[in-house]
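In: Give me coordinates for this.
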Amino acid sequence: MTRFKVIAASTLLATVAFGSTAPDAFAQNRPSTLSMSCGQAQSLVRARGAIVLSTGGYTYDRFVASRRFCTPDEEEIPTWAPTRDTPQCMVGFRCEMRRSWRFDR
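Out: You can find the predicted model right below:
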């Protein structure tokens, strides 16, 4: 085999090997509030500061621990989600555009 064929074959093999494992590496499930107690969900939001959590089969939301995780034109809004032990747990806050910045007044 020529040097070119060896390099081409190893490049192809590496591409196939990486291509078959990359989706698994990048496809990470986000934590679900339904599998946690209310206290666990609250602690996770406080520990991470800002995190996206699944809240049901096909629903999710971004929860923040405080306003410092929102942009300057956003405010923190208390947000509830279902957890394993509580139908409506105040998990953290959601960032929403401030009323003074909204155009729908």
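In: C-alpha only now, for contacts and for neighbours.
Out: Fine.
In: Can you tell me which helices and strands whatever helix or strand Arg46 lives in packs against?
Out: Assigned by DSSP states H and E, Arg46 belongs to helix 38-48. If you count contacts as 3 or more CA pairs under 8 Å, 6 or more residues apart in numbering; DSSP states H and E, helix 38-48 packs onto strand 60-64, strand 89-97.
In: Could I get the buried residue list for the next helix or strand after that helix?
Out: Once the chain leaves helix 38-48, the next helix or strand it forms, by DSSP H and E, is strand 50-54. Judged by neighbour count (16 or more other CA atoms under 10 Å), strand 50-54 contains these buried residues: 50-51, 53-54.
In: between these, which is nearest Thr79?
Out: For the buried residues of strand 50-54, the minimum distance to Thr79 (CA to CA) is 12.0 Å, reached by Leu53.
In: right, and the closest one touches Tyr60 too?
Out: Yes: Leu53 is within contact range of Tyr60, at 5.5 Å (criterion: CA atoms under 8 Å).
In: For stretch 91-105, what does the pLDDT average out to?
Out: The average pLDDT for stretch 91-105 rounds to 79.
In: Sorry, wrong one. I was asking about stretch 30-40.
Out: pLDDT averaged over stretch 30-40 gives 96.
In: Isn't Cys38 up against Cys89?
Out: Yes: applying CA under 8 Å, one finds Cys38 in contact with Cys89, separated by 5.7 Å.
In: what is in contact with these two at once?
Out: Residues touching both Cys38 and Cys89 by CA atoms under 8 Å, 6 or more residues apart in numbering: Thr83.
In: Look at the two and report which has more neighbours.
Out: Cys38 (22 against 19; other CA atoms under 10 Å).
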